[in-house]
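**Q** dropping the sequence and predicted coords here.
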Amino acid sequence: DDNRINVTKAIVNIETVNKGSSVNDAKTTLALKLSGLKAEAAVLNGVELTAAQIVAAHGSKEIKIGDKTYNNNDSGLADSIKALNLLAKVFNADGFPSFTVPDFSNAVEKSFTINTVLDTKTDDGDGISIAGNYDLGTNSSGTYSVGKATPTINWADSGLTYGQAIVDAILNASVADARLLVKDKEGTFTYRIADGNGALAKGLILPAGTHKLHVTYVPHADNASAFLTGTKTVTFTVAKAKLDIHIPAISGYVYGDALPGIAANELTYGTKVGDKLTNGFVNGDTESIFDPANGGTQPVVAIVPNTAIKDSVFSVAHSPANVIFGQSAASKNYDLTEFASTMAIARRPITVKAADSVTTFGSSASLGLEYLNLAPGETSANLKNAGFAFLSGQPNIATLAPQVYTVFANGAFGDNYVVTHANGTLTVGKAPATINVADTSATYDGTAKTVSVTTEPAGLATSVTYNGAAAAPVNAGTYAVQVDVSNANYAGTFVTSLVIAPGSATVSLGDLAQNFDGTGKAVSATTDPAGIAVAVTYNGNPVAPTQAGSYAVEASISDPNFSGSTTGTLEIGKGVAQIALSNLSQVADGSAKAVGVSTSPAGLANVVTYDGAATAPTAVGSYAVSVTVQSSDYSGSAEGTLTILEGATITFDGLLASYTGDPISPTITTTPAGLKVNVTYNKSPVVPHEAGTYEVVASIEDATYSGTAKSVFEITKSSTATINFVASSLQSPWNNVKAPQATTDPAGLDVRMTYNGSLALPSTPGEYEVKAIINDRNVKGSKSATFTIGKAPQDISFPAIPNLSISGNPVILVLSATSNSGLPVKYIVLRGGATVDGNLLTISQPGLVSLTAQQLGNENYLPADEEVRSFEVTGTGVPLGAAQTEASLNDDGSVSLGVSGSPFESLSIYSASVVDAEFKPIVKIVLDADGKGSYNTASDADQRFFQVK
């Protein structure tokens, strides 16, 4: 009602910041974070503040933490609020927060709780020291973690020369922390290349260059709770090794040869000082270090003239030449020093030979030289003297007679060559002569024909051949003519042809009209002059034709010495064919009936008609038959009559007959009558005589008629036989079943029995319909009766029981009655002081004891006659109220005894012998006062002891 404003307190929450340090390090400064701050303090929400910074913010409106300054200048608050100190309204001046870490220790790795305590005044009862504008919300604890310390590893940079392995002297890192230097607890150092995953460093040979070696220090187990695993990496410098490269001296070079090349593997590496090789390969390296693939540069050897010679031409005068490195080698692992060499130049051997030359009689020729094995690019001009060629005596070459002469060489030499001179030849050949040939055409007249020959110069001797022969030719044809000059100083050959043309002849033809007879028909030809060979063709074919027709005939002279031809026409007329008819009488069976036609010559095509129709008839009747030959070489025809008769039939009679023991067959007739018939019975030609059913097949065997018929022929059994059962055989016990017996009239017939329709003889008791059936193919008969299988009788065998005596203790008999059926026997006590359980009879009182053995039978056995056994028991019975013993037989044949009350003193058990069925005592059980007992057996050695409970 008085319009007052109620301002509630803000809630400030404190979060203690988690902190930590390493083992043995000083404790880190603790801090907190505030949330829920309002107005002037809101700028510090979530800012981490130490105890000292809280005090500073409590007394100031601005505070710098790190590189950041906190104030309210941009807060939008009223100036009166901006003028307030940042935390003055949050904490009381006498109650700033403080931090405690109970039980703090930095000896091992461990975590502690950091508590922020607010109340330094313990008597005001509020438990906090929060200013009036705030209430405390949450005040969460923090965790202070003491972590494992990182060991300080001392290890300096180092280096080696390429080829040297990393040894322990290089791998010498150590730790500075005294605790880690205790003897036998120093920890382990592992050295690797590059980083912790690199190869183990010891023993490695690294390439030249700068590398990193890495060590991992693992503290001893006793220090594992206080120190971390430490690592350090240092620089490892591998300097290049020194390598000398020598070019070997080159020998054997000859002036003008291609300059030799020297590969890297032909250089020598290292320098021998005394007997020791220095500056050679290390680490098993070879010249492969110069391969670009291995980061190298291959050395290239160059050969230059001797520096004393100003020009650049290689010559013997320049010997020796200098052999240097045209391209220096380079390798990433070696500093290289190169050594040059020299190459001697030897004179080049050459051959200067008189050139072989050729000329002819009357002509001159120049003599020259040939130069063999000059340096490439050089000629005879490079020699000091090129030399000369000459003939012995220096004759005039134009006057030399045709033959071969020796040409000599001499006078050649040069500074760079060793010259050998060689001879050549001058060949003077015959001079050519001119040959003229005439009369190279003639006509055959039966005389030899020759050509005419003249020469220039005139009068030279010649030889002439015709197709290689000296004899002049006679026959028509073309001949190769060769004329050769034969002279000491002249030679010549002329080749041409001599042509002898054929003479003229006439041809006349005869026999141009003939008739076909299957043989070739040739014309006749005559010539003038007579007797000249003639070639004849018929329609262009040289084979004389055989078929009827017209043929163009051409006859030509085939003698090479004559020519001539003529033409004509050969006419071959048709031959006459003979025709024969068959099958003019046939039997109708529904199919077409064609006549048989044969021709002479055989196989001629023909056309047959029946009453003018081309289709062969099927119906009974007579038909006019006409046959005409269809052939280009033959003509002919024939006439006849085809008669089609009605078909034959087969009839069966008497297809059912009775058995007589003799062969029996049905009656078979044919139409027309009297045709021969072939008969089979079940595919056999034998006439049957036994009862049964037969398939009878009858087939006509006749030149004109045919036909087959089938039927069934049956011979029935002739009579019925009588069967009688033997009455006594119609009953049989089940344990010895025998089949019923039967007799037959007539006697001795085979009989088959069935029981309720089954052939199997039954074996279980009951009544069965037995049927006896005659098993004979020619006689029949059967009879039925009742066949009874009854239960079997049985008997009981029960040994006599002797008189017994008891003396206050029970006696047990093992009864052994049996039935010859094998069925179990039951015992019943008729009178006396005894009880029975199964086959165990327990006698407890004196007197007459009677019991009976029963076997009442089952589905297979009749009841047995009961057997009663009685015997006297004398002595003293088991007292009334005394312990009672019950005996029972177990499944395994053992005896169980049940005792109620005090145990008995002794117990006798009897059993009937399997040999003489006489009951005898088999065991006597005796107990003492403590219930321990023994039993006697046939042998004292078999006694056993037991405890009755």
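**A** Nice, I can see it.

**Q** show me where the stretch 301-450 of the chain dips below the pLDDT cut-off.
**A** 307-313, 317 (pLDDT under 70).

**Q** got the end-to-end distance for stretch 283-293?
**A** Terminal residues of stretch 283-293 are spaced 18 Å apart (C-alpha to C-alpha, to the nearest Å).

**Q** show me what counts as buried in that stretch.
**A** By neighbour count on 16 or more other C-beta atoms under 10 Å, the buried set for stretch 283-293 is 285, 287, 289, 290. For glycine as for every other residue, the C-beta is placed from the backbone atoms N, C-alpha and C.

**Q** so what's the first one up against?
**A** For residue 285, the contact set (C-beta atoms under 8 Å, 6 or more residues apart in numbering) comprises residue 333.

**Q** can you tell me the element it falls in?
**A** Here residue 285 sits in a region with no helix or strand, counting by DSSP states H and E.

**Q** distance check, it against residue 247.
**A** 19 Å (C-beta to C-beta, to the nearest Å).

**Q** ok, the third one next?
**A** Separation of residue 289 from residue 247 (C-beta to C-beta) stands at 18 Å.

**Q** same question for the second one.
**A** Distance, residue 287 to residue 247, using C-beta to C-beta: 13 Å.

**Q** overlap in contacts of the two?
**A** residue 267.

**Q** can you pull up the most central residue in this structure?
**A** In the chain, the residue lying closest to the centroid (C-alpha atoms, centre = their mean) is residue 293, at 41.6 Å.

**Q** confirm that that residue sits in a strand.
**A** No: counting by DSSP: H, G, I helix; E, B strand; the rest coil, residue 293 is not found in a strand; it is helix.

**Q** identify the residues contacting it.
**A** Counting by C-beta under 8 Å, 6+ apart, residue 293 has no contacts.

**Q** for residue 785, same thing?
**A** 725, 730, 740, 769, 770, 772.

**Q** where are the low-confidence patches of this protein?
**A** Using pLDDT under 70, the flagged stretches of the chain are 1-3, 119-129, 307-313, 317, 718-719, 881-949.

**Q** identify, by residue count, the longest helix of it.
**A** For the chain, the longest helix by residue count, based on DSSP state H, is helix 51-58.

**Q** any buried residues in that helix, and which?
**A** Buried-residue list, helix 51-58, by 16+ other C-beta under 10 Å: 51, 53, 54, 55, 56, 57, 58.

**Q** partners of the helix or strand following that helix, with directions?
**A** Heading C-terminal from helix 51-58, the first helix or strand you meet, by DSSP H and E, is strand 63-65. Counting by DSSP bridges, the strands paired with strand 63-65 are strand 68-70 (antiparallel).

**Q** what's the spacing between the helix or strand just after the strand it pairs with and its chain's center?
**A** For strand 68-70, the following helix or strand on the C-terminal side (DSSP H and E) is helix 79-82. Distance of helix 79-82 from its chain centroid, counting by C-alpha atoms, centre = their mean, to the nearest Å, is 93 Å.

**Q** which neighbouring elements make contact with helix 79-82?
**A** Using 3 or more C-beta pairs under 8 Å, 6 or more residues apart in numbering; DSSP states H and E, no helix or strand is in contact with helix 79-82.

**Q** now the strands: where do they sit in the stretch 151-300 of the chain?
**A** Applying DSSP state E, counting those that start in this stretch to the stretch 151-300 of the chain gives strands spanning 153-154, 158-161, 174-175, 188-193, 209-218, 230-239, 241-246, 250-254, 268-269, 271-273, 276-278, 300-304.

**Q** which residues are in contact with the last one?
**A** Meaning strand 300-304. 247, 250, 259-262, 267, 312, 314, 321-327, 343.

**Q** so the helix or strand following it versus strand 241-246, what angle?
**A** The element immediately downstream of strand 300-304 (helix or strand, assigned by DSSP H and E) is strand 321-327. Here strand 321-327 points in a direction 140 degrees away from that of strand 241-246 (axes from the mean of the first three to the mean of the last three C-alpha atoms, to 10 degrees).

**Q** for strand 321-327, which strands pair with it and how are they oriented?
**A** For strand 321-327, pairing defined by DSSP bridges yields strand 300-304 (antiparallel), strand 341-346 (antiparallel).

**Q** what does the last one contact?
**A** Outside strand 341-346, the residues that touch it by C-beta under 8 Å, 6+ apart are 246-255, 260, 303, 314-316, 318-323.

**Q** skipping adjacent residues, who's closest to residue 367 in space?
**A** residue 389 (4.0 Å; C-beta to C-beta, 6 or more residues apart in numbering).

**Q** do the same with residue 155
**A** Nearest non-adjacent residue to residue 155 (C-beta to C-beta, 6+ apart): residue 173, at 3.7 Å.

**Q** what residues does that neighbour make contact with?
**A** Counting by C-beta under 8 Å, 6+ apart, residue 173 makes contact with 153, 154, 155, 189, 191, 215, 217, 232.

**Q** of those residues, which pair is most distant in space?
**A** 154 and 191 (14.3 Å; C-beta to C-beta).

**Q** look at the two and report which has more neighbours.
**A** The residue with more neighbours, out of residue 154 and residue 191, is residue 191; 20 against 10, by other C-beta atoms under 10 Å.

**Q** all set now, cheers.
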